[in-house]
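Asks: task: produce atomic coordinates for the following.
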Amino acid sequence: MKKSRIGFLSGSALVVCLALGNAAIAAGDPARGAKAFQACAACHSVAPGEHMTGPSLANLWHRKAGTISDFLRYSEAMKRANVVWNEGTLDKWLANPDAFLPGTSMTFQGLREAKDREDLIAYLKAVSEGKRPAAGGKGQGMGMSMRKPDLKKAPAEGQVTAIAHCSDTYTVRTADGKVAKVWEFNLRFKTDSGKEGPSPGKPVIVGAGMQGDRASAGLSVIALRLSLLAPLAVFAGVAAVLAVGLTLNPREVPSPLIGRPVPKFDLPPVKGRTLGLASRDLGGEVSLVNVFASWCVACREEHPLLMDLHKRGVLPVHGLDYKDKPDDAASWLAEMGDPYTRTGADLDGRVAIDWGVYGVPETFVIGRDGRIAYKKIGPITPRIMREKLLPLIEQLRR
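Replies: All right, here's what the predicted structure looks like:
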């Protein structure tokens, strides 16, 4: 089971985070491109064979698009494309993905500044030539992506020995002899066949979402590896557990706040920012409130989409930073880029509770009347952006 990421993006060879950095062609600066690529690290690695939401970008240069044999999430448009990646094709792709590759699932309109494209392309070329410059700060190593913990080395409290389901509750027994009762909404089942995934027949439970601060309300993930050599009875038992988990659809839990004014609150800004966030700021124009945290892995996956909204000036994007250490939040925004017009530091998490937040990330669309029009649980994906958020924003502006 893929332990780490709650929500996945499938799509083109170079998914949205690649197109949102500060890019590259011929005369670009690889060092500047390396810093820009940090915004891409949630979706791509530059380590050979290490695929994430998108494929590894190692050895990209002069490679035909859509041809990495062990990457299974290419879009049909990318698989059919007769494109070889080089300065020219990457520049056209980053300038306008839709025009360059009709049928792509990209939601952004491309990088308009040629210099931005030059820098990122120069970095990708340097990576292919084994000359990757360091970006500095957090996120280096492993292609500047966040390394998943090695689930084969999970401690006893994370090693699952039995799972039972009754009504709306899972009972999870672990190797340390303890028993945890978890609301079914808060338990996810994922498989992880990677080298850091759990050993066959030895599922692992890991915390996720809101850092476990709500006990059962803190999202958890059961990570499993399905072995082809496992006995049929064991496989059937695991499949049954997975079947129950897959019937849950936490992204569609309705919020009682839809159609109501935003809760009253007043928060100071994230460290290093000057504009805080309060309920009085959310009115008079359509805006978006994104609940994030520096410790949230899924926040990295959606962050390039928020950066794109900011770059294109689609609407004000405000950030509600949930239970973060001030220095960590400031460092995270410095590393990933800051798409937020205003930020609010919810140090104790009380404001997030008033907003009915289940986990991080969550995103709210606020109408001009200051009422909540939409709530998205989990990371925004290109499809959600294209099919739900952008049409709703346009509708609310009429």
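
Asks: just the CA trace of stretch 276-296, in CSV.
Replies: Only the C-alpha atoms of stretch 276-296 are listed here, as CSV (Å, rounded to 0.1, in the frame of the first residue of the first chain):
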residue,chain,number,x,y,z
GLY,A,276,-2.9,37.8,8.5
LEU,A,277,-6.3,36.2,7.7
ALA,A,278,-9.6,36.9,9.3
SER,A,279,-13.3,36.4,8.4
ARG,A,280,-13.6,40.0,7.4
ASP,A,281,-11.1,39.4,4.6
LEU,A,282,-13.3,36.9,2.9
GLY,A,283,-16.0,38.9,1.1
GLY,A,284,-16.5,41.2,-1.8
GLU,A,285,-14.8,38.9,-4.3
VAL,A,286,-14.6,35.2,-5.0
SER,A,287,-11.7,33.7,-3.2
LEU,A,288,-10.2,30.4,-2.2
VAL,A,289,-9.0,29.3,1.3
ASN,A,290,-6.5,26.4,1.4
VAL,A,291,-5.8,24.6,4.6
PHE,A,292,-2.1,23.4,4.5
ALA,A,293,0.8,22.4,6.7
SER,A,294,4.5,22.0,6.2
TRP,A,295,4.3,18.4,7.5
CYS,A,296,1.6,17.5,5.0
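
Asks: name the residues of that stretch that are buried.
Replies: Applying a neighbour-count criterion of 16 or more other Cβ atoms under 10 Å, one finds 277-279, 281-282, 286-294, 296 buried in stretch 276-296. Just so you know, the C-beta spots here come from the backbone N, C-alpha and C atoms, and that holds for glycine as well.

Asks: pick out the lowest-pLDDT one from the residues you listed.
Replies: Looking at the buried residues of stretch 276-296 by pLDDT, the weakest one is residue 296, with 88.

Asks: phi, psi for it please.
Replies: The phi/psi pair for residue 296 (degrees, to the nearest 10) reads phi -90, psi 110.

Asks: quick one: residue 387 and residue 376, what's the gap?
Replies: Going from residue 387 to residue 376 by Cβ to Cβ, to the nearest Å gives 12 Å.

Asks: farthest-apart pair in the buried residues of stretch 276-296, please.
Replies: Largest separation among these by Cβ to Cβ: 286 and 294, giving 27.2 Å.

Asks: surely residue 337 touches residue 308?
Replies: No. Contact criterion Cβ atoms under 8 Å: residue 337 and residue 308 do not qualify, at 10.4 Å.

Asks: between those two, tell me which one has more neighbours.
Replies: Neighbours around residue 337 and residue 308, counted as other Cβ atoms under 10 Å, are more numerous at residue 308. The numbers are 24 against 21.

Asks: in what helix or strand does that one lie?
Replies: helix 297-312 (DSSP states H and E).

Asks: can you name the element that comes right after that helix?
Replies: strand 317-322.

Asks: which residues sit against that next one?
Replies: For strand 317-322, the external contacting residues (Cβ atoms under 8 Å, 6 or more residues apart in numbering) are 210, 267, 270, 277, 281-282, 287-294, 306, 309-310, 329, 339-346, 349, 351-352, 355, 357, 360.

Asks: can you name the next helix or strand after it?
Replies: Using DSSP H and E, the helix or strand that directly follows strand 317-322 along the chain is helix 326-336.

Asks: give me the residue at the spatial middle of the protein.
Replies: Nearest residue to the geometric centre of the chain (Cα atoms, centre = their mean): residue 301, 2.0 Å.

Asks: just the pLDDT at it, thanks.
Replies: The model's pLDDT for residue 301 equals 87.

Asks: one more: residue 195?
Replies: Looking at residue 195, its pLDDT reads 76.

Asks: count of neighbours near the closest residue to residue 275 other than its chain neighbours?
Replies: Nearest non-adjacent residue to residue 275, counting by Cβ to Cβ, 6 or more residues apart in numbering: residue 342, 4.4 Å away. For residue 342, the neighbour count with other Cβ under 10 Å is 22.

Asks: show the contacting residues for residue 361.
Replies: Taking Cβ under 8 Å, 6+ apart, one finds 290, 291, 292, 293, 296, 298, 299, 302, 378, 379, 380 in contact with residue 361.

Asks: I figured residue 119 hits residue 90, correct?
Replies: No. At 11.7 Å, residue 119 does not count as touching residue 90 under the criterion of Cβ under 8 Å.

Asks: about what we covered before: show me which of the buried residues of stretch 276-296 is closest to residue 54.
Replies: For these, the nearest to residue 54 is residue 296 (19.3 Å; Cβ to Cβ).

Asks: measure the closest one to residue 121 for me?
Replies: Relative to residue 121, and taking Cβ to Cβ, residue 296 is found at 30 Å.

Asks: same deal with residue 303?
Replies: Distance from residue 303 to residue 121, counting by Cβ to Cβ: 21 Å.

Asks: same question for residue 55.
Replies: 17 Å.

Asks: equivalent analysis for residue 343, please.
Replies: Per Cβ to Cβ, residue 343 is found 32 Å from residue 121.

Asks: now the strands for the stretch 201-350 of the chain?
Replies: 204-207, 220-224, 266-267, 277-278, 287-292, 317-322, 343-346 (DSSP state E, counting those that start in this stretch).

Asks: next, the angle strand 317-322 makes with the fifth one.
Replies: Using axes from the mean of the first three to the mean of the last three Cα atoms, to 10 degrees, the direction of strand 287-292 lies 30 degrees away from that of strand 317-322.

Asks: so what are the sheet partners of strand 287-292 and their directions?
Replies: strand 317-322 (parallel), strand 362-366 (antiparallel) (DSSP bridges).

Asks: and the longest one, how far from the chain's centre?
Replies: By that I understand strand 317-322. Strand 317-322 sits 15 Å away from the centroid of its parent chain (Cα atoms, centre = their mean, to the nearest Å).

Asks: only C-alpha atoms, please: export it in PDB.
Replies: Only the C-alpha atoms of strand 317-322 are listed here, as PDB (Å, rounded to 0.1, in the frame of the first residue of the first chain):
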ATOM      1  CA  VAL A 317      -5.800  32.300  -2.700                       C
ATOM      2  CA  HIS A 318      -5.500  32.500   1.100                       C
ATOM      3  CA  GLY A 319      -3.700  30.000   3.300                       C
ATOM      4  CA  LEU A 320      -4.800  28.600   6.600                       C
ATOM      5  CA  ASP A 321      -1.700  27.000   8.200                       C
ATOM      6  CA  TYR A 322      -2.800  24.200  10.500                       C
END
